[in-house]
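Student: Next comes the sequence, and after it the predicted model I'd like to discuss.
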Amino acid sequence: MRPCDVKPHKVVKVTCIDCGGDDRNHDVLREIEIPWEEEEEEEDGGGEEGVNTFQICRCRGCETVRFRVESWDTLILDKDDEPKIFSRIFPEASSSDRLPI
Ligand SMILES: [Zn+2]
């Protein structure tokens with residue numbers, strides 16, 4: 001067994017404009033999780049915390065490498081009181097709203 005067969009690949013669905021603008025499977029080549037925590041001195045003890053996950057992803061179709069950031073925190077919860085997960089892709093999938101440098 002080759003070493004690369006041992007570790008299961010993490011795969012995420014990311015919109016790939018180079019493959020027609022649909023969601024494509026991307027291999028996560030590298031993933032870095034950075035948790036953060038903010039202590040608050042208020043009496044309700046409402047310290048905030050969250051995690052930013054940075055992922056280098058490669059499209060399985062066209063091998064384009066893009067950067068994905070997944071983040072959640074205890075400030076924004078969904079209906080079930082679970083932290084809502086946001087994801088952003090760099091470069092952005094749509095080029096129409098790109099700002100000039
Ligand atoms: Zn692609």
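Tutor: Yes, it's here.
Student: okay, CA-based contacts and neighbour counts for the rest of this
Tutor: Fine.
Student: who does the residue nearest to residue 10 when sequence neighbours are not counted bridge with?
Tutor: Distance criterion C-alpha to C-alpha, 6 or more residues apart in numbering; nearest residue to residue 10, sequence neighbours excluded, is residue 28 at 5.5 Å. Beta-bridge partners recorded for residue 28 (DSSP bridges): residue 57.
Student: got the contact list for residue 28?
Tutor: Contacts for residue 28 (C-alpha atoms under 8 Å, 6 or more residues apart in numbering) come out as 9-12, 55-58.
Student: any idea which of the residues you listed is closest to residue 65?
Tutor: Of all the contacts of residue 28, the one with the least separation from residue 65 (C-alpha to C-alpha) is residue 58, at 4.3 Å.
Student: Grab the nearest non-local neighbour of that closest one.
Tutor: That would be residue 65: by C-alpha to C-alpha, 6+ apart, it lies 4.3 Å from residue 58.
Student: and the one you found, how far is that from the ion?
Tutor: Using C-alpha to the ion, to the nearest Å, one gets 9 Å for the distance from residue 65 to the ion.
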